[in-house]
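S.K.: for reference, the sequence and a predicted model appear below.
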Amino acid sequence: MSDTINSKPFKTLNQQLSILRDRGLDDAHAKAKRSLEQMGYYSLINGYKWMFLARDSNGNIIHPEVYKEDTSFDEIRSLYNFDFELRAILYRALLKYETMLGAEIAYRFSEQHQEEHAYLAMDNFSRNPQQVSSVVGTISSLSSTIKKYSSDRKGKNAIKHYVNKHGHVPLWVLVNFLTFGELNYFYSNCTQDIQLTIAKDFQHTKKASYNSSSQPAITPNAIMDINQMVNIFRNAVAHGEITYSKIIQRTPHMRDIKVAANIRNVPLESQAGIFELIIAMKAVLPRRNYQRLIKPELFIPSKKVVSFHVFQKLTTFDLAYYVLRL
């Protein structure tokens with residue numbers, strides 16, 4: 001056995017509860033024990049404790065950690081539940097956009113390049129010398145996806161079927177096996193005319209869904225900036241990361257996104273978060289899908305999901321709903 005001392009030794013559920021009570025969570029008893037058992041101390045407490053910890057006059061967390069007066073275990077669990085529900089709401093909207101983008105790429109690229117495996121030819125992508133390595137990476141990724149699924153011995157899939165029966169895989173089949181990151185790179189590596197046509201298609205879709213002859217222009221730059229945000233949040237939502245407070249360190253330019261969303265005079269954070277993501281969704285989603293995203297009973301949590309005390313701290317969401325419902 002190793003003589004190394006474990007700096008983070010195992011703690012039983014009762015020991016975990018004792019730690020929480022010592023730090024000021026007086027309600028950490030039987031009900032809290034069930035929550036720790038089902039969610040795990042790390043995911044629940046280490047993930048959502050930060051807004052509840054006491055701080056000094058400089059805003060630094062006091063050590064050893066202690067919770068603010070009147071903070072309860074139930075509030076931390078409520079914030080966890082709120083974030084869980086938020087991820088579910090966002091996931092549906094992000095998945096809708098992902099599906100739309102994949103369908104657009106498949107249609108417009110195939111419309112212009114109708115030969116088999118056209119997406120494996122460098123000449124069909126951007127000729128910008130600065131994008132050569134990115135184009136090569138996209139083609140390699142597409143080829144690897146086909147190889148992976150066509151050689152899968154575990155069962156049937158559409159790629160395997162098309163390779164065996166037709167000798168090639170149409171792009172409208174292949175896009176369904178790509179990650180959002182791969183769709184993002186595919187779009188950014190397309191020629192400018194295809195990028196512009198896809199951007200215009202999103203604008204026309206919004207015109208039809210809003211029954212309006214005038215909708216703000218959606219530019220290829222707006223699409224690429226939206227894709228950058230969606231790619232980060234799509235992965236975060238899918239993998240259960242903390243979402244309500246997530247920010248993008250390298251935030252894309254929001255100017256074109258704000259124009260496309262018809263929200264020009266709303267101040268935004270320098271580092272994009274949920275508020276900016278929802279503005280991005282307003283720019284590209286059809287009306288029904290966007291309205292479902294900001295539906296009051298879904299976007300504003302009920303008392304069953306999060307306590308009012310917690311929601312008072314989430315002022316970003318209050319502001320977001322007020323602005324985005326307009």
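M.R.: That came in fine, so what should we check first? The structure presented is a predicted model; accordingly, all values stated were derived computationally and were not measured.
S.K.: show me where the stretch 1-150 of the chain has its helices.
M.R.: Counting by DSSP state H, counting those that start in this stretch, the stretch 1-150 of the chain has helices at residues 13-22, 30-39, 41, 47-48, 73-112, 132-150.
S.K.: which one of these lies closest to His239?
M.R.: helix 73-112 (9.6 Å; CB to CB). For glycine as for every other residue, the C-beta is placed from the backbone atoms N, C-alpha and C.
S.K.: and Gly273, backbone torsions?
M.R.: The phi/psi pair for Gly273 (degrees, to the nearest 10) reads phi -130, psi -150.
S.K.: what's the burial count for Asp22?
M.R.: By other CB atoms under 10 Å, the residues close to Asp22 number 12.
S.K.: same question but for Ile45, I mixed them up
M.R.: 24.
S.K.: who's in contact with it?
M.R.: Counting by CB atoms under 8 Å, 6 or more residues apart in numbering, Ile45 touches Leu20, Leu36, Ile76.
S.K.: what does Ser126 give?
M.R.: By CB under 8 Å, 6+ apart, Ser126 lies in contact with Val135, Asn189, Cys190, Thr191, Gln192.
S.K.: buried ones among those residues?
M.R.: Among those, those scoring as buried are Val135, Asn189, Cys190, Thr191 (criterion: 16 or more other CB atoms under 10 Å).
S.K.: among those, find me the one that's closest to Ile279.
M.R.: Nearest member of the buried ones among the contacts of Ser126 to Ile279, counting by CB to CB, is Cys190, at 24.5 Å.
S.K.: re the thing from before, now, which of the buried ones among the contacts of Ser126 lie within helices?
M.R.: In this view, the buried ones among the contacts of Ser126 that belong to helices under DSSP state H are Val135, Asn189.
S.K.: a markdown table for the buried ones among the contacts of Ser126, including distance to Ala222?
M.R.: Output for those, formatted as a markdown table (distance: CB to CB, whole Å):
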| residue | distance to Ala222 |
| --- | --- |
| Val135 | 22 |
| Asn189 | 17 |
| Cys190 | 15 |
| Thr191 | 18 |
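S.K.: for the buried ones among the contacts of Ser126, work out which two are farthest apart.
M.R.: Counting by CB to CB, the most remote pair of the buried ones among the contacts of Ser126 is Val135 and Thr191, 10.6 Å apart.
S.K.: so what sits against both of those two?
M.R.: Phe125, Ser126.
S.K.: need the contact partners of stretch 128-143.
M.R.: So stretch 128-143 is contacted by 119-122, 125-126, 174, 178, 182, 185-186, 188-189 (CB under 8 Å, 6+ apart).
S.K.: if you rank those residues by neighbours, which is first?
M.R.: Most surrounded of the contacts of stretch 128-143: other CB under 10 Å gives Phe186, at 26 neighbours.
S.K.: any idea how far Phe10 is from Glu65?
M.R.: From Phe10 across to Glu65, the span is 20 Å (CB to CB, to the nearest Å).
S.K.: neighbour count winner among those two?
M.R.: Taking neighbours as other CB under 10 Å, Phe10 and Glu65 compare with Glu65 leading, 14 against 6.
S.K.: does that one touch Leu53 like I think?
M.R.: Yes. Between Glu65 and Leu53 there is a contact at 5.7 Å, judged by CB atoms under 8 Å.
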